[in-house]
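K.L.:
This is the structure alone, sequence omitted:
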């Protein structure tokens with residue numbers, strides 16, 4: 001009889017342990033969903049060295065003010081150049097570029113052709129961004145480009161620069177540039 005009472009106690013304890021394991025499993029699954037939701041919906045307020053407008057990043061979404069500040073900066077770095085500073089100016093945009101080799105080689109070809117053109121023709125130019133248009137994963141920055149060769153002003157032109165981008169892990173990544 002003692003054997004059956006010990007067996008009954010073990011079976012009861014086994015049921016309690018199974019119930020505990022089920023409870024812990026449900027708790028872990030709920031925690032994983034809550035963590036996933038928190039990671040994709042958290043809002044990060046970034047304060048750059050110079051605050052012109054407040055902007056936000058929430059998961060894989062950016063405020064228009066953030067896109068405006070980033071793409072105005074990239075446009076300025078690409079289009080406001082001289083033969084002496086074009087290498088340094090273009091090197092500042094690399095942290096924003098994708099690491100995907102297929103996209104990166106295309107971007108580097110465009111930038112190399114552009115850089116060689118600036119140096120060969122001794123072009124000095126300044127870009128004044130005026131407008132930003134966002135359509136899906138594409139941004140077009142429009143503005144005025146003032147060009148000079150040596151000390152002679154060639155003129156002012158309407159200029160558009162097109163960027164293709166994606167968002168990866170709350171990070172904006174440029175995947176294409178059309179000058």
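P.N.:
In hand now; what should we look at? Predicted model only: the values in this text are computed from it and were never measured.
K.L.:
Just to check, residue 157 is in contact with residue 143?
P.N.:
No - using Cβ atoms under 8 Å, residue 157 is not in contact with residue 143; the gap is 9.8 Å. Heads up, the C-betas are built off the backbone N, CA and C, glycines and all.
K.L.:
buried stuff in stretch 90-98?
P.N.:
90, 93, 96, 97, 98 (16 or more other Cβ atoms under 10 Å).
K.L.:
no, scratch that, I was asking about stretch 121-134
P.N.:
Buried, per 16+ other Cβ under 10 Å, within stretch 121-134: 123, 124, 125, 126, 127, 129, 132.
K.L.:
cool, stretch 95-115 as well?
P.N.:
For stretch 95-115, by 16+ other Cβ under 10 Å, it's 96, 97, 98, 103, 107, 111, 114, 115.
K.L.:
where exactly do the helices run in this structure?
P.N.:
Applying DSSP state H to the chain gives helices spanning 2-41, 64-79, 86-91, 101-121.
K.L.:
Pick the most deeply packed of these.
P.N.:
Comparing those by mean neighbour count (mean count of other Cβ atoms under 10 Å), helix 64-79 comes out on top with a mean of 19.
K.L.:
Tell me the one among the buried residues of stretch 121-134 nearest to residue 4.
P.N.:
Lowest distance from residue 4 to the buried residues of stretch 121-134 (Cβ to Cβ) belongs to residue 132, with 79.9 Å.
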